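Undergrad: would you be able to build a 3D model of this:
(one chain, ligands or ions: 2)
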Amino acid sequence: MSIDPVQQWPLGEGLDPNRLECRFEDAKPPYTPAEALVEANRCLHCFDAPCVRGCPTAIDIPKFIAQISSGNLRGAAKTIFRQNMLGASCARVCPVEEMCAGACVYHALNGQPIAIGRLQRYATDVALADERASGRRLFSPASANGRRVALVGAGPASLACAAHLALAGVSASIYERDGLPGGLNTTAVAPYKMRAESSLAEVEWLLSHGVELRTDTTVGTDIAWPELMATHDAVFIGVGLGQARSLELEGPGVWGATELIRAIKNEPGFELPGDVRRAVVVGGGNTAIDVARELAMLGIAEVTLAYRRSRADMSAYAHEWAGARQSGVRLQTRLQPCRTVHHRQRLVGVVFQDAVNGREVELPCELLVVAAGQSPWAALVDAGIRLNADGTVWTQPETRATSLAGVYAGGDCVNGGKEVVDAAADGRIAAHAMLEEWGACG
Ligand SMILES: Cc1cc2nc3c(=O)[nH]c(=O)nc-3n(C[C@H](O)[C@H](O)[C@H](O)COP(=O)(O)OP(=O)(O)OC[C@H]3O[C@@H](n4cnc5c(N)ncnc54)[C@H](O)[C@@H]3O)c2cc1C
Ligand code: SF4
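TA: Ligands and ions are numbered 1, 2, ... in the order given. The predicted structure is shown next:
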């Protein structure tokens, strides 16, 4: 029996069931109770556990696994959420191979590392389903302490920060530019890891602790930064990254990676054009791998990943590339894109320069996807916030305080684009710093 508490949560009800992402199978399906117990019982409950050091939110992993073993799933979920209020989505989307499970001592014993993500998913899913069915809350917010915080953007960083603040009795209001909250968790994460309805279910749960959300509201346009700062005790900036880089490859049949992934995930009735047999994806990061794998899984016969340097230079995780290769994606390295080739307004190919011999090579394709990363938000300068040379927001490492008094920041806009768990960690650190500043730490 699969346990997924997310399907009926209200925010996700507005999503069209005919979204293309609904055709993807779950890559790591939920555990049955028996499977979870067997896996939990393998844990060695190591002293000074290396898996905990591998987790950016420092969840007490041996503790929550022991709680699963003893049947205390509510306790296990609380252990997880105390450190990471986005523990349910992180259980699905974290690259555990590079983090907690990558550090598990079983590697040294030549054994299979503990499936920490799947156990975390099991504990959080069961506990949230139980909370919904019984009305027995996992956490009760403290009574209001009169403090007000505005959070800009409803992605993982702001959501984590807002939830920790709300639990401490702070009035937290999130302002989100889009119609749907959740940030890239809702619009970008590969559907075989998590669909939009799961992200929205998590948002719904986080909001249920008393967090206010205003969607379709862009700070800087609909509300001025100074107004926000003047009317709140603190402001948290969790705006993520800005515009996708285009590499100046344009025209019919050419998509930006995040734009195409969003259409696959969120757009009602969206279909890939029927005449697409060959797709080329330009890039070597995790987003390029994700979109290439999604296209292959959707049945595009030939999907080629074209990267300008060598395989060793690709920033994508090895396990992500292995998954894409298994799905049928081919890799061509040392190809620098030059121009697209169109015939009668239809894309027929893309021309690259071969970095080895300088010659031009044409890869025939009907679909070209550019995954060249996103630029940081230059617009934050208007708010008077100090930026680093690469355009990310400068913050103090211990508190995530920015150069402006009372203004904090976290997530992709600070780290330049990492993982959901890093954004969740930043949100928690900033919330605790604000509470400490006000002497309101519980
Ligand atoms: C294709 C893709 C796949 C990914 N896959 C994974 C994965 O599998 N696992 C993983 O851990 N991470 C993954 N990530 C990374 C992860 O999604 C991000 O690290 C994380 O979402 C960052 O959270 P954030 O809150 O900083 O920003 P975001 O999630 O980008 O959220 C920022 C929010 O702020 C809003 N906003 C921006 N400006 C304003 C404004 N002026 N006013 C109001 N609102 C505003 C935006 O609309 C957005 O909703 C992926 C990223 C991409 C692009
Ligand atoms: S390192 Fe592996 S075995 Fe040890 S406590 Fe962590 S999950 Fe359990």
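Undergrad: how about the strands of the stretch 151-300 of the chain, start to end?
TA: Counting by DSSP state E, counting those that start in this stretch, one finds strands in the stretch 151-300 of the chain at the ranges 171-175, 212-214, 234-237, 254-256, 278-282.
Undergrad: how distant is the second one from the center of its chain?
TA: Think strand 212-214. How far strand 212-214 lies from its chain's middle: 20 Å, per Cα atoms, centre = their mean, to the nearest Å.
Undergrad: check whether that strand comes into contact with ligand 1.
TA: No: Strand 212-214 stays clear of ligand 1 (Cβ under 6 Å from any ligand atom), getting no nearer than 8.9 Å. All C-beta atoms are positioned from the backbone trio N, CA, C, and that covers glycine.
Undergrad: what is that strand packed up against?
TA: strand 171-175 (3 or more Cβ pairs under 8 Å, 6 or more residues apart in numbering; DSSP states H and E).
Undergrad: pairing partners for the strand it packs on, with directions?
TA: Sheet pairing here is set by DSSP bridges, and for strand 171-175 it gives strand 148-152 (parallel), strand 212-214 (parallel).
Undergrad: right, and those - which one's nearest residue 403?
TA: Ranking those by proximity to residue 403 (Cβ to Cβ) places strand 148-152 first, at 16.0 Å.
Undergrad: only alpha carbons, please: show that closest one as PDB.
TA: Output of strand 148-152 as PDB, limited to C-alpha atoms (Å, rounded to 0.1, in the frame of the first residue of the first chain):
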ATOM      1  CA  ARG A 148       5.700  41.000  12.500                       C
ATOM      2  CA  VAL A 149       8.000  39.700   9.700                       C
ATOM      3  CA  ALA A 150       7.500  40.000   6.000                       C
ATOM      4  CA  LEU A 151       9.000  37.300   3.800                       C
ATOM      5  CA  VAL A 152       9.600  37.900   0.100                       C
END
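Undergrad: and that strand, which residues are buried?
TA: 149, 150, 151, 152 (16 or more other Cβ atoms under 10 Å).
Undergrad: re earlier: what's the most buried one of the strands of the stretch 151-300 of the chain?
TA: strand 234-237 (a mean of 28; mean count of other Cβ atoms under 10 Å).
Undergrad: ok, and which of the buried residues of strand 148-152 reach ligand 1?
TA: residue 152.
Undergrad: residue 51: which of the buried residues of strand 148-152 is nearest?
TA: Here the nearest of the buried residues of strand 148-152 to residue 51, counting by Cβ to Cβ, is residue 151; it sits at 30.3 Å.
Undergrad: from residue 236, how far off is the residue lying closest to residue 155 once chain neighbours are set aside?
TA: Nearest residue to residue 155 in three dimensions, chain neighbours excluded: residue 183, at 2.3 Å (Cβ to Cβ, 6 or more residues apart in numbering). Computed as Cβ to Cβ, to the nearest Å, the residue 183 to residue 236 distance reads 13 Å.
Undergrad: which residues are in contact with both of those two?
TA: Shared contacts of residue 183 and residue 236 (Cβ atoms under 8 Å, 6 or more residues apart in numbering): 157, 158.
Undergrad: quick one: low-confidence parts of this structure?
TA: Where the chain drops to pLDDT under 70, the residues are 1-13, 378-379, 381-382, 440-442.
Undergrad: who in it is up against ligand 1?
TA: Residues of the chain lying near ligand 1 (Cβ under 6 Å from any ligand atom): 93-94, 152-158, 175-178, 183-185, 188-190, 193, 218-220, 238-240, 258, 261, 287, 290, 411-413, 418-421, 423.
Undergrad: right, I'll leave it there.
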